[in-house]
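# below are the sequence and a predicted model; questions follow.
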Amino acid sequence: MVSFFTDSRPIKDIKDDRLTSLTEVYNYFKAWESEHLQDKDKNQRHKSLITMETREDIDFTYHGFMSLVKKVLQESKTDIVPSRINSYIIENIFCQQRALYHGGNSNPNYNEYRTGINSIILGQTTISTKSNAAGKNSAKPLALSLPPKRRKTET
């Protein structure tokens, strides 16, 4: 999944081999989850699986991206670049919402959110010029730039 979402080559066809590979990776995670969810021992099941939140993120990422690809390729008749997909616009809105209350309210009620979102829509931009979607930067997973661990040698 990491290599897929860091790939800067455009996807021009729904039959792209990279989409097939992404589906295979997703199916692997789902099969692994199904296998371990059947385990009767709750402790063993907990130790064998990645967290529920991570499994949900994988689901949302896969289904969201695949539906976006289908929509873009079929309706817009344009290509899509996996490395340019991110959630910066949404995160920027959340940051602006928190900033309206000086960062002190990370869980606003309906009235606070309504007032804040109107201010953002009318007075601020939701698109950050610091994002990788602008084409200036390419996002890399944090661990990709780390050097491999050296094994300690005995002397």
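That came in fine, so what should we check first?

# make it CA atoms for all contacts and neighbour counts henceforth
OK.

# ok, residue 11 - contacts?
With contact set as Cα atoms under 8 Å, 6 or more residues apart in numbering, residue 11 has these partners: 79-82.

# distance of the residue most central in space within the chain from residue 73?
Central residue check for the chain by Cα atoms, centre = their mean: the C-alpha nearest the mean position is that of residue 61, 5.6 Å away. Distance, residue 61 to residue 73, by Cα to Cα, to the nearest Å: 18 Å.

# before we move on, the earlier item: filter the contacts of residue 11 down to the buried ones.
Neighbour counting over the contacts of residue 11 (16 or more other Cα atoms under 10 Å) leaves 79-82 as the buried ones.

# wouldn't residue 22 be in contact with residue 5 here?
No: under the criterion of Cα atoms under 8 Å, residue 22 is not in contact with residue 5, lying 9.6 Å apart.

# for the protein, which spans come out with low pLDDT?
Under the criterion pLDDT under 70, the flagged ranges of the chain are 89, 100-106, 119-155.

# quick check: domain ranges of it?
1-85, 86-133 (automatic domain parsing).

# element containing residue 116?
Counting by DSSP states H and E, the element that carries residue 116 is helix 110-123.

# hmm, back to that, what is the helix or strand containing the residue nearest to the centre of the chain packed up against?
Of the helices and strands defined by DSSP H and E, residue 61 is found in helix 52-71. For helix 52-71, the contact count by 3 or more Cα pairs under 8 Å, 6 or more residues apart in numbering; DSSP states H and E identifies helix 17-37 as packing neighbours.
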